[in-house]
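Visitor: This is a predicted model, with the sequence first.
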Amino acid sequence: MADTADTITGIECPVYLQYHFTAGRAPARFLTRIKEGVLSGQRCPRCSNVYIPPRGSCPACGVPTEEEVELPDKGTVQSFTVVAIPIPNNPIKPPFVVANLVLDGANISFIHLLSECENSEVRIGQRVQAVWKPREEWGYAMDNIRYFRPIDEPDVPVAQIGKLPVTGREG
Amino acid sequence: MQQIAIVAFSQSDCLARAGAANEVELIMPQLQAVYAQVGIDNAQDVDFVCSGSCDYLQGAAFAFVAGVDALGAVPPIKESHVEMDAAWALYEAVLKIRMGHADSALLYGFAKSSSGELPIVLSQQLDPYYLAPLWVDTVSLAALQARLLLESGLASERDMAEVVARSRRNALDNPHARLSGSVSVDELLAEDLFVSPLRRADCAPVADGAAAMIICTVEKAREWGVPYALLSGIDHRIETHNLGMRDLTDSVSTRLAARAAGVEDGPVEVAELYAPFSHQEIILSRALELGDDTRVNPSGGVFAGNLMMASGLSRVGEVFRRIAAGEIRRGVAHATSGPCLQHNLVAVLESAS
Ligand SMILES: [Zn+2]
């Protein structure tokens, strides 16, 4: 028997694996359009729900989504949180607002930042619009939109959130 | 005990690379195909769903959850997953039906293993203390096994080349094959060694893709009014993770599974074996005690294209297809998992009439 001092109680085996990630055909189409400053979703042929970013299927119906739908950069706050801790290596300083936003004409939310607002005044149903980076900085990424900011429109009643037409609050 | 009927099967083309497609886009066409075969709408029309995949292959934690987007899981469905080939999803579904918890089940397997360096990725399935830290890749382990087989005198390099030549020739009739053609044993033996004693041709060509199947009770199959095959036996056995403690020239687990599944209870007209390396087909045929009257891998087996996490289910599907078409009356399907045939599943399929 070896001395307890010589007993090996652990070994380090770091795992490094490299992958070439692909987003999928539908998400790749979304990323290609957002590089041009266009927000494009897909409509389900069965239930008519519009998904953005699209995954290529309607998860509710289990059918492929192929019809492309261009959406405006206006939307509604579905839910939100005020974040009090910093994001590592990110210039955004806490406290900041992260929100689930539903674009007009879409039926599902995505997560983005909300800024140019009083954090204490952010609320469900609040109307918001995208603030884009300068065109020359656009890439294949959702952060072509720097953040969303509140706009001067009446709030959307909770039951109507995620059900507005592409024409928005007035449509 | 409930008899199990296989009623539908579909598999994708074996693609070297699936391009931009994500897992949902790979799975959906196969699901739509099996729904159409029995005339149902989506996963709401079966009692249970089980999938087989491995998150390590695409390099994303919980990647299998994204696959559920292909199902139409609203309202919620009964759904499960195995982190292995979908042949084991089939096994889980068989238990579910036999216990009376379901009358029908949808199974699917998928992978886009081209995203990573597969032989290296699979090294991480080895035991985490002694083997995984050495990063022993799957091809090297298979080569060690082939070397042991050659030195035991149980097979020759020519025997291995014959497996490849026959498989590629059979794959000519397989519309989903990635690799097929007429090549002579001498031409294969003239090729350079890859990882000695294996040549590249001894390694089944890995492919991206998916496969799906629907099984049910016999009553449900009659209700759907579709041709079906009976799954008369299914069993799986696993050997130790310690390669040094196994006889790599034999497949004890296949032997045990075959006995439990009832392979010897009747003639085996066709055997579809999941042998990712040519010498493994020789080991498996011996373990299953297949005679000259058995056609081994008429589809070309995985030498037509090795769909990771779906090839095992596809072996069952290939035998089902032949029985449902009335070509054969009884066949055996085999699936494997782990290095050097560590874990093996054997299924016996029979004509209903
Ligand atoms: Zn839908």
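Guide: Yep, it's here. Numbering: from 1, shown residues only, chains lettered A, B, ... in the order given.
Visitor: so what's the closest residue to B:Met308 other than its chain neighbours up against?
Guide: The spatial neighbour of B:Met308 that comes closest, neighbours along the chain excluded (CB to CB, 6 or more residues apart in numbering or on different chains), is B:Ala111 at 3.9 Å. Heads up, the C-betas are built off the backbone N, CA and C, glycines and all. Applying CB atoms under 8 Å, 6 or more residues apart in numbering or on different chains, we find B:Ala111 in contact with B:53-54, B:57-58, B:208-210, B:307-310.
Visitor: Give the bridge partners for B:Ala111, please.
Guide: With DSSP bridges applied, B:Ala111 shows beta-bridge pairing to B:Gly209.
Visitor: got it, and the one 5 residues further on?
Guide: Each beta-bridge partner of B:Gly116 is listed here: A:Tyr19, as defined by DSSP bridges.
Visitor: Over to B:Ala335?
Guide: In this entry, B:Ala335 is beta-bridged to B:Leu345, by DSSP bridges.
Visitor: now it: how far from B:Ser351?
Guide: The spacing between B:Ala335 and B:Ser351, counted by CB to CB, to the nearest Å, is 21 Å.
Visitor: Who has more neighbours out of those two?
Guide: Legend: neighbour count by other CB atoms under 10 Å in any protein chain shown for B:Ala335 and B:Ser351, higher for B:Ala335 (30 against 18).
Visitor: still on that earlier bit, okay if I get the contacts of B:Ala111 as TSV plus secondary structure and neighbour count?
Guide: Output for the contacts of B:Ala111, formatted as TSV (DSSP: H, G, I helix; E, B strand; the rest coil; neighbours: other CB atoms under 10 Å in any protein chain shown):
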residue	secondary structure	neighbour count
B:Ser53	coil	29
B:Cys54	coil	22
B:Leu57	helix	24
B:Gln58	helix	24
B:Asp208	strand	28
B:Gly209	strand	30
B:Ala210	strand	33
B:Leu307	strand	31
B:Met308	coil	26
B:Met309	coil	30
B:Ala310	coil	36
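Visitor: ok, of the residues you listed, which one's closest to the ion?
Guide: B:Ala210 (20.9 Å; CB to the ion).
Visitor: tell me the contacts of the residue lying closest to that closest one once chain neighbours are set aside?
Guide: Setting aside the residues directly before and after it, B:Ala210 is nearest to B:Phe110 in space (CB to CB, 6+ apart), at 3.7 Å. Neighbour list for B:Phe110: B:23, B:26-27, B:51, B:53, B:67, B:86, B:209-211, B:309-310 [criterion: CB under 8 Å, 6+ apart].
Visitor: Repeat the analysis, applying 7 Å as the threshold.
Guide: When the contact criterion is CB atoms under 7 Å, 6 or more residues apart in numbering or on different chains, the partners of B:Phe110 are B:23, B:26-27, B:53, B:67, B:210, B:309-310.
Visitor: A:Tyr19 too?
Guide: Contacts of A:Tyr19 by CB under 7 Å, 6+ apart are B:59, B:115-116.
Visitor: Weed out the non-buried ones from these.
Guide: Buried members of the contacts of A:Tyr19, scored by 16 or more other CB atoms under 10 Å in any protein chain shown, are B:59, B:115-116.
Visitor: could those go into JSON lines alongside pLDDT and distance to A:Gln42?
Guide: Output for these, formatted as JSON lines (pLDDT from 0 to 100; distance: CB to CB, whole Å):
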{"residue": "B:Gly59", "pLDDT": "86", "distance to A:Gln42": "25"}
{"residue": "B:Ser115", "pLDDT": "93", "distance to A:Gln42": "23"}
{"residue": "B:Gly116", "pLDDT": "94", "distance to A:Gln42": "28"}
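Visitor: How is the chain divided into domains?
Guide: No chain specified, so I'll use chain A. Listed domain ranges for chain A are A:22-71, A:73-171 (source: automatic domain parsing).
Visitor: ah, no, chain B please
Guide: Using automatic domain parsing, the domain parsing of chain B gives B:4-117+B:206-229, B:125-201+B:232-351.
Visitor: Give me the distance between the two termini of the shortest one.
Guide: With CA to CA, to the nearest Å applied, domain B:4-117+B:206-229 spans 8 Å between its terminal residues.
Visitor: Is there any residue in that domain that contacts the ion?
Guide: No. Under the criterion of CB under 5 Å from the ion, the ion is not reached by domain B:4-117+B:206-229; the shortest gap measures 7.7 Å.
Visitor: How far off centre is that domain?
Guide: Taking CA atoms, centre = their mean, to the nearest Å, the mean C-alpha location of domain B:4-117+B:206-229 is offset from the chain mean by 13 Å.
Visitor: And stretch B:344-353, by the same measure?
Guide: Using CA atoms, centre = their mean, we find the averaged C-alpha position of stretch B:344-353 to lie 14 Å away from the chain's own average C-alpha position.
Visitor: Which member of the contacts of A:Tyr19 is positioned nearest the ion?
Guide: Checking the contacts of A:Tyr19 against the ion by CB to the ion gives B:Ser115 as the nearest, at 28.1 Å.
Visitor: what's near enough to touch that closest one?
Guide: By CB under 7 Å, 6+ apart, the contact set of B:Ser115 is A:19-22, B:58-59.
Visitor: okay, and the helix or strand of the chain with the least pLDDT?
Guide: In the absence of a named chain, chain A is used. strand A:63-64 (a mean of 91; mean pLDDT, DSSP states H and E).
Visitor: could you do chain B instead?
Guide: helix B:63-67 (a mean of 83).
Visitor: where's the dip in pLDDT among the contacts of B:Ala111?
Guide: Within the contacts of B:Ala111, the minimum per-residue pLDDT falls on B:Gln58 (86).
Visitor: Find the residue closest to residue 108 in space, skipping its chain neighbours.
Guide: Using chain A. Using CB to CB, 6+ apart and skipping residues adjacent in sequence, the residue nearest A:Ile108 is A:Tyr51, 5.3 Å away.
Visitor: You answered for a different chain; I wanted chain B.
Guide: By the measure of CB to CB, 6+ apart, the closest residue to B:Tyr108 outside its immediate chain neighbours is B:Ala212, 4.1 Å from it.
Visitor: Just give me the neighbour total for the one you found.
Guide: Neighbourhood size, B:Ala212 [other CB under 10 Å]: 31.
Visitor: What helix or strand is it located in?
Guide: strand B:209-217 (DSSP states H and E).
Visitor: quick one: contacts of that strand?
Guide: B:2, B:4-15, B:18, B:26-27, B:30-31, B:33-34, B:38, B:46, B:86, B:90, B:93, B:97, B:103-110, B:231, B:307, B:310, B:313-314, B:317.
Visitor: Let me see the mean pLDDT of the following helix or strand past the least confident helix or strand of chain A.
Guide: Heading C-terminal from strand A:63-64, the first helix or strand you meet, by DSSP H and E, is strand A:67-71. Per-residue confidence for strand A:67-71 averages out to 96 on the pLDDT scale.
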